[in-house]
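Engineer: Sequence and predicted structure below; questions after.
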Amino acid sequence: MDPPPVWLMRQAGRYLPEYRELRAKMGGFLDMAYDAEAAAEITMQPIRRFGFDGAILFSDILIVPHAIGQDLTFVAGEGPRLSPPLTDARLEDFTPTPHHLEAIYATVRAVKAQLDPSTTFLGFAGSPWTVATYMVAGHGTKDQHPARIMAYAEEDRFAQLIARIEEVTVDYLSGQIEAGVDAVQLFDSWAGSLSPAQFERWVIQPNARIVAALKARHPDTPVIGFPKGAGAKLVDYASRTGIDAVGIDETIDPVWANAALPAGMPVQGNLDPMALLAGGSALSEAVEAIRTAFADRPHIFNLGHGIDKTTPIAHVEDLLAQLRG
């Protein structure tokens, strides 16, 4: 398709002055994420400014562990914190709080009421492995060491955690679909930290079960999978999880991906966020290389990861001008 449809990961966020203005009024991240009016406004901001082809729900992958029963806070300059971490607590002692999911469904309904039908509305959730890494450690870690150790040393316990995340994630994404999203994406941000055997057990198999369960409930809703850092394991992921489209990060050679991935499978990505931040000829050359690589394959133009918070608005405008000619 020429021009390709385009949206950007984290397109609703800190690089936008209107977002920063609203956050200054609202306070913390969770105050906005659980306020349907504010979260809908943030979701719509980049659509109004840039006219992206897709709107991505403003939320966070850690809404699921919050609903499972861990306390969730966001610490300025340090990121999210989940307590108690599963290094110190038992999953069975958590008290579920599903009303947190209901707050997100309210946002979906609020966005759907004002979004033009020509713009695709995407919901999302974190994939079980990535969500588990936060639940085990209580915060983000450099190499996901606590979760990786638990997966080896306490395999049955870790499997129970993955199963619980799967269960809630299926209901959560199904709820988003019922509230009005057109497609959903599974983010496995830390998939690249696993060995091939562990990738099979904790990435491919759980995502396949989630996709199968969603397809049983919503057979016509597309599911995009994004296993960041998967490298050559991307091919198995794309072939065996049942996803409808695969997101690829900036470390993947698009020429290789086009040759290796299943024929006809739509691909999303994979502009380096740093190329967008740099702008100029670096941006133009990167965009052209990606478009050329995927010229004969369905392609959703996107970043290989989230947009950097210091990205100039003008660079996003330049990107869209190049894509749309």
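Structural biologist: All right, it came through fine. Numbering: from 1, shown residues only.
Engineer: When you work out contacts or count neighbours from here on, use the C-alpha atoms and nothing else.
Structural biologist: Noted.
Engineer: count of neighbours near residue 17?
Structural biologist: For residue 17, the count of nearby residues is 12 (other C-alpha atoms under 10 Å).
Engineer: Likewise for the one 3 residues further on?
Structural biologist: Around residue 20 sit 14 other residues, with neighbours defined as other C-alpha under 10 Å.
Engineer: can you start the count at 6 instead of 1 from here on
Structural biologist: Shifting the count to begin at 6 puts that one at residue 25.
Engineer: For it, which three-state class applies?
Structural biologist: helix (DSSP: H, G, I helix; E, B strand; the rest coil).
Engineer: pretty sure it contacts residue 19?
Structural biologist: Yes - the criterion here is C-alpha atoms under 8 Å, and residue 25 meets it with residue 19 at 6.0 Å.
Engineer: Report the helix or strand with the lowest average pLDDT across this protein.
Structural biologist: strand 76-80 (a mean of 92; mean pLDDT, DSSP states H and E).
Engineer: Give the partner strands of that strand in its sheet and their orientations.
Structural biologist: strand 84-88 (antiparallel) (DSSP bridges).
Engineer: could you dump the strand it pairs with to CSV, C-alpha only?
Structural biologist: Presented in CSV, the C-alpha positions along strand 84-88 are these (Å, rounded to 0.1, in the frame of the first residue of the first chain):
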residue,chain,number,x,y,z
GLY,A,84,9.7,4.4,36.7
PRO,A,85,7.1,2.0,37.8
ARG,A,86,7.1,0.1,41.1
LEU,A,87,5.0,-3.0,41.9
SER,A,88,4.7,-4.1,45.5
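Engineer: list the buried ones in that strand?
Structural biologist: 85-88 (16 or more other C-alpha atoms under 10 Å).
Engineer: I'd like these as TSV, with pLDDT and distance to residue 238 appended.
Structural biologist: Compiled in TSV, those are given as follows (pLDDT from 0 to 100; distance: C-alpha to C-alpha, whole Å):
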residue	pLDDT	distance to residue 238
85	94	29
86	96	30
87	97	30
88	97	32
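Engineer: just curious, which of those is nearest to residue 126?
Structural biologist: Residue 126 has its nearest neighbour among these in residue 85, at 25.7 Å by C-alpha to C-alpha.
Engineer: what mean pLDDT does the helix or strand hosting residue 53 have?
Structural biologist: Secondary structure assignment for residue 53, by DSSP states H and E: helix 41-55. Mean per-residue pLDDT for helix 41-55: 98.
Engineer: Packing partners of the helix or strand that it is followed by?
Structural biologist: Next in sequence after helix 41-55, counting helices and strands by DSSP H and E, comes strand 59-61. Helices and strands touching strand 59-61, by 3 or more C-alpha pairs under 8 Å, 6 or more residues apart in numbering; DSSP states H and E, are helix 41-55, strand 125-131.
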